[in-house]
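J.: Model the following, please.
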Amino acid sequence: MRGELVYIESPYAGTEDYTVEENIEYAKLCLKDSIERGEFPFVSHLLYTQVLDDLAPSERRAGMKSGEAWALYADLRAVYTDHGQSRGMDWGIARAEKAGQRIEYRSLEEQEEN
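T.: Below you'll find the model as predicted:
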């Protein structure tokens, strides 16, 4: 059976609750969770921020557009919510809804409790 292609939404930018570094580590845990579910995930903000500056508006837009091009091929948009929901995530969710893509909200903390 073919696993699903999954595009992961999780926050990247720092907030008063979580630093960028904490959000990067969280995104890695989300990636691992998806792999452990037998899925084939893609996390654009872990990849593109290695070569693009998220604080430079034109580079951020380029990264988001590149990520979204890949995201539209996904079977599922997995939204990980433990660190909140960023504006970038809101944008991705709206794009997924517009494309009629399936969206699933997930929490690593709730999963650990079960």
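J.: ok, the closest residue to Asp17 other than its chain neighbours - contacts?
T.: Of all residues not flanking Asp17 in the chain, Gly84 sits nearest, at 6.9 Å (Cβ to Cβ, 6 or more residues apart in numbering). Bear in mind the C-beta positions are built from the backbone N, C-alpha and C, glycine included. Gly84 is in contact with Pro11, Thr15, Asp17, Tyr18, counting by Cβ atoms under 8 Å, 6 or more residues apart in numbering.
J.: swap in Ser86?
T.: Pro11, Tyr12, Ala13, Thr15.
J.: Same check on Ile8?
T.: With Cβ under 8 Å, 6+ apart, Ile8 has these contacts: Ala27, Cys30, Leu31, Ser34, Pro41, Phe42, Val43, Ala78, Tyr80.
J.: Can you tell me which of the contacts of Ser86 has the most neighbours?
T.: When neighbours are taken as other Cβ atoms under 10 Å, the top entry among the contacts of Ser86 is Pro11 (25 neighbours).
J.: Might one say that it is in contact with Tyr18?
T.: Yes. Assessed by Cβ atoms under 8 Å, Pro11 is found in contact with Tyr18 at 7.0 Å.
J.: Report pLDDT for the residue nearest to Asp17.
T.: At Gly84, the model reports a pLDDT of 95.
J.: Also Asp90?
T.: 95.
J.: Okay, buried residues for the helix or strand hosting it please.
T.: Applying DSSP states H and E as the criterion places Asp90 in helix 87-99. For helix 87-99, a neighbour-count test (16 or more other Cβ atoms under 10 Å) marks Gly88, Met89, Gly92, Ile93, Arg95, Ala96 as buried.
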